[in-house]
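Based on what follows, work out the 3D shape:
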Amino acid sequence: MSQLPIVCIVDDDPSVLDSFAEMLTLEGFEPRCFSGPSLLLTFLQQNPNAVVLSDVCMPDVDGMQLLAHLQNLDAELPVVLMSGHGDIPMATQAMREGAVDFLEKPVSPSLLVERLRQAQRQRKWVLARREQQLCQDDKAIVERHVVGESPGIKQLHEQILVLANADVDTLIYGETGSGKDVVARALHDASQRRHHPFIAINCGAMPENLIESELFGYEAGAFTGAKQRQMGKIEAASGGTLFLDEIETMPLTAQIRLLRVLQERSLERLGSTQSIQVNIRVIAASKDDLQRISEKGLFRLDLYYRLNVASLRLPPLRERGDDILMLFQHYCQLAAERFQKACPPIRAHHQERLLHYAWPGNVRELRNTADRFVLGIEGDGFSLNDTSQAIPAPALDEFDQKLEDYERKLIEDSLAAAAGQIGKAAEQLKMSRKTLYRKMKKFQLDKQTFRA
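This is a model prediction of the structure:
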């Protein structure tokens, strides 16, 4: 679901509704105003892609009673409560009964924006998960395997769907731990081969003297210790998919034999001259550019061209934005089921640290972090349970900083020429008033300064 959730504002004071709606519109939200709970509940039944911001002190049905109604409607609907008469017991009760946050009036605009953004992200996770659980088509299979909604992952979903039905040999590129094995499994499960074997072998973890016997099998007496006939991984995958991870580490002798299999779709076991037909799809994964290392003589160029009918590239986790939070939630739920423990709440400071960490180990590191978070233990490297760790926000590089400085100078010059008149400055800059207000807030510019 790409559209951001609507913010439903509930308050019995029309002036308060107008004030919040105007402020949130300028911040890029899509607000809807409700003077009471009945119309809100009707709206939410038809529009689940929403979050709720409600006052506590209202006639007839107050905010706490409304919270109970909303919990009955949808227990995972994010509700932010606010009150001018708030106290600690009230806030504690609200959080215990399901509110995601409790804010005291007058509410700081920056704090409100931050909490509503978090609530929107949470709602997107929930609705995306529900879509994956309800749908059983190929698209749902792919999205269930490859979790995320960032532009790079959405494009990857589409590519997987196309290649799954094309049934061609495929190369998958990505950094260590980025989930190449998960993409390979998605390709298999979304294809017509899904009811046949998916056989995976990690070429980097296999001793060089064993990889050929593992891949191609052998006859009794083919070498010392070969006491009986053994079927190889390629033969076992017939009808289905063979996944070769870290293929760049495969010995050159094995590469020659694999090339023949790909060309002829047949193999000979070690110690045999009998040809065995195999019907397989080969998916190979590598963290290195196979063409580049082939040109250096470290990988057979003819095998690279034979494998490279199609290729997919996985973005590293650090480039996937809010997918980090969605994936962390996903792996926390899996860990909670596996360890039979309740998943701890993921607070705002947890989300900030997750988003600002560089994730050198990619999705594999994130999954380990989720396991430790659910178990409440620390480990080597990044851990949400270690409060002593501070993850600074990434600094802008020199080019981005120059762009920001240039943009700020343009806005300052236009505001000065317009004597602080927002409409005139926005027209000169060819942008909307809303966009100009947002950029002024970003650069901490006050229109009164330019009027003076």
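
dump the residue contacts of the spatially most central residue of the chain.
Closest to where the C-alpha atoms of the chain average out (Cα atoms, centre = their mean) is Asp323, at 2.2 Å. Contact analysis of Asp323 by Cβ atoms under 8 Å, 6 or more residues apart in numbering lists Val147, Gly148, Glu149, Ser150, Ile153, Leu317. No exception for glycine: its C-beta is placed from N, CA and C like everyone else's.

State the distance from the nearest residue to Gly361 once chain neighbours are set aside to Glu365.
Of all residues not flanking Gly361 in the chain, Gly177 sits nearest, at 4.8 Å (Cβ to Cβ, 6 or more residues apart in numbering). According to Cβ to Cβ, to the nearest Å, Gly177 and Glu365 sit 6 Å apart.

How about Pro109?
As judged by Cβ to Cβ, Pro109 and Glu365 stand 36 Å apart.

Which of those two has more residues huddled nearby?
Glu365 (18 against 14; other Cβ atoms under 10 Å).

Could you identify the helix or strand that succeeds the host helix or strand of Leu187?
Using DSSP states H and E, Leu187 sits in helix 180-189. The helix or strand immediately downstream of helix 180-189 is strand 198-202, counting by DSSP H and E.

what comes into contact with that following strand?
Under Cβ under 8 Å, 6+ apart, the answer for strand 198-202 is 181, 184-185, 188-189, 214-215, 233-234, 236-237, 240-246.

Alpha carbons of the following helix or strand past that strand, as CSV, please.
Following strand 198-202 in sequence order, the next helix or strand is helix 208-216 (DSSP H and E). Only the C-alpha atoms of helix 208-216 are listed here, as CSV (Å, rounded to 0.1, in the frame of the first residue of the first chain):
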residue,chain,number,x,y,z
GLU,A,208,36.9,-28.0,-3.1
ASN,A,209,37.5,-31.7,-3.2
LEU,A,210,33.8,-32.4,-2.4
ILE,A,211,31.8,-29.9,-4.5
GLU,A,212,31.9,-32.0,-7.7
SER,A,213,30.6,-35.1,-6.0
GLU,A,214,27.9,-33.1,-4.2
LEU,A,215,26.8,-31.5,-7.4
PHE,A,216,27.0,-34.3,-9.9
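
can you pull out the strands in this protein?
Using DSSP state E, the strands found in the chain span residues 6-10, 31-34, 50-55, 79-83, 101-104, 170-173, 198-202, 241-245, 266-267, 276-277, 281-286, 310-313.

Give me the neighbour count for Gln3.
8.

which one is it nearest to, not counting chain neighbours?
Leaving aside its sequence neighbours, Gln3 sits nearest to Asn49 (Cβ to Cβ, 6+ apart; 6.4 Å).

and that neighbour, how many neighbours does it have?
For Asn49, the number of neighbouring residues by other Cβ under 10 Å comes to 15.

From Pro5, how far off is it?
5 Å.
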